[in-house]
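**Q** Structure for the following, please:
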Amino acid sequence: MTDDTFDRTRSAGYLANHMARLFAQRLHERIRPLGLAPAQFMTLLELWEEDGLTQRDLFERLDVEQATMANTLARMERDGLIERRAHATDARARTVHLTDRARDLRGPAQAAAREVNAMALGHLNGDDLDRFVSTMRSAVERLKAGEER
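**A** Numbers count the residues shown, from 1 in each chain. Next up is the predicted model:
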């Protein structure tokens, strides 16, 4: 006879989801004083790396729905974090650019994220941390690709 009980304490999916929610909560606590929400922070991470992306670039990179990205960008524009400009070669598209305010938030916001990472994973030595992050990255890539094994 097999035990069909679901043990959430041994479920990678359950634990990853729980961990992600806790990471988001702790990050939000630290970036709220900067006037940021987690979705804005994730968008800023992409724009700090490559300013001038399109809305399509952003929702594809962040794996969010187009409507969610549109709402996030509208809030960011309202909050003075981004400005949208006509695309140089595509009349239908607009590019998203950081404002000086958003560029100034990079250091403090990334420091807040490092604090949350240290809170959660600071007990791991370098090799264990590298393995953990590598395993997470692999799982993300496999899920994006739709692989089953």
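**Q** How many residues are close by Val96?
**A** Residues near Val96, counting by other Cβ atoms under 10 Å, number 23. No exception for glycine: its C-beta is placed from N, CA and C like everyone else's.
**Q** Am I right that it is in contact with Trp48?
**A** No. Counting by Cβ atoms under 8 Å, Trp48 is not a contact partner of Val96; they are 12.0 Å apart.
**Q** what comes up buried for stretch 106-122?
**A** Applying a neighbour-count criterion of 16 or more other Cβ atoms under 10 Å, one finds Ala109, Ala112, Ala113, Val116 buried in stretch 106-122.
**Q** the strands in the chain, which residues?
**A** Remark: strands assigned in the chain by DSSP state E are 53-54, 82-86, 94-98.
**Q** Can you lay out the ones you listed as a markdown table showing distance to Thr72 and mean pLDDT?
**A** Formatted as a markdown table, the strands of the chain follow (distance: least, Cβ to Cβ, whole Å; pLDDT from 0 to 100):
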| stretch | distance to Thr72 | mean pLDDT |
| --- | --- | --- |
| strand 53-54 | 13 | 96 |
| strand 82-86 | 10 | 95 |
| strand 94-98 | 10 | 96 |
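**Q** on that earlier part again, need the overlap of contacts for Val96 and Trp48.
**A** Residues touching both Val96 and Trp48 by Cβ atoms under 8 Å, 6 or more residues apart in numbering: none at all.
**Q** Nearest approach to Leu44 belongs to which of the strands of the chain?
**A** Closest to Leu44 of these is strand 94-98 (Cβ to Cβ; 7.5 Å).
**Q** tell me the angle the closest one makes with strand 82-86.
**A** Orientation note: strand 94-98 sits at an angle of 150 degrees relative to strand 82-86 (axes from the mean of the first three to the mean of the last three Cα atoms, to 10 degrees).
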